[in-house]
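>>> coordinates only, sequence not included:
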């Protein structure tokens, strides 16, 4: 596998995906303190490594990155919809799309919570992020 090509493909998916996330009135609130450029680069590094490419990701593990965020099942499903749309938009290979979704699914239990009561600050000055769904139509 040509990992330079893979990096370009994964980056394109992440760009299209986070374009949707940062337009969405609900999900974008979770990322207020993170620039889209940073998260695209970081998630590209993570997924390229997960696909067997160079291990350049140097961020937190999913369980360590999300304990303070109340990610609901409904958020997860919307996120997955946006990811599948990004696969289609970028013509990402179907076999890699399926692998990507399996990788995501492996981390779901560490990210999705039943309520904000399950959230834990990562450090003393951290803030729990609990964003209620807005009553406006979500971006597509």
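Alright, I've got the coordinates. Note that the structure is a prediction, hence the values are computed from the model and not measured.

>>> Give me the below-cutoff pLDDT ranges for this protein.
Within the chain, the segments meeting pLDDT under 70 span 135-140.

>>> Could you pull out the helices in it for me?
3-23, 36-50, 62-65, 73-90, 94-111 (DSSP state H).

>>> Next, format those as CSV and append distance to residue 118.
Where C-beta positions appear, they are placed from N, C-alpha and C, glycine not excepted. What follows is those, written out as CSV (distance: least, Cβ to Cβ, whole Å):
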stretch, distance to residue 118
helix 3-23, 22
helix 36-50, 23
helix 62-65, 12
helix 73-90, 12
helix 94-111, 11
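
>>> what separates the residue lying farthest from the centre of the chain from residue 60, distance-wise?
For the chain, the residue at maximal distance from the C-alpha centroid (Cα atoms, centre = their mean) is residue 124, at 24.6 Å. Look at residue 124 and residue 60: by Cβ to Cβ, to the nearest Å, they are 17 Å apart.

>>> Test my guess that residue 50 contacts residue 101.
No. Contact criterion Cβ atoms under 8 Å: residue 50 and residue 101 do not qualify, at 11.8 Å.

>>> neighbour count winner among the two?
residue 50 (18 against 14; other Cβ atoms under 10 Å).

>>> Quick one: residues contacting that one.
Taking Cβ atoms under 8 Å, 6 or more residues apart in numbering, we find residue 50 in contact with residue 103.

>>> ditto for residue 118
Residue 118 neighbours (Cβ under 8 Å, 6+ apart): residue 70.

>>> now residue 97: how far from residue 77?
According to Cβ to Cβ, residue 97 and residue 77 sit 17 Å apart.

>>> what about the closest residue to residue 64 other than its chain neighbours, distance to residue 68?
The shortest distance from residue 64 to any non-neighbouring residue, by Cβ to Cβ, 6 or more residues apart in numbering, is to residue 122 (7.1 Å). According to Cβ to Cβ, residue 122 and residue 68 sit 6 Å apart.
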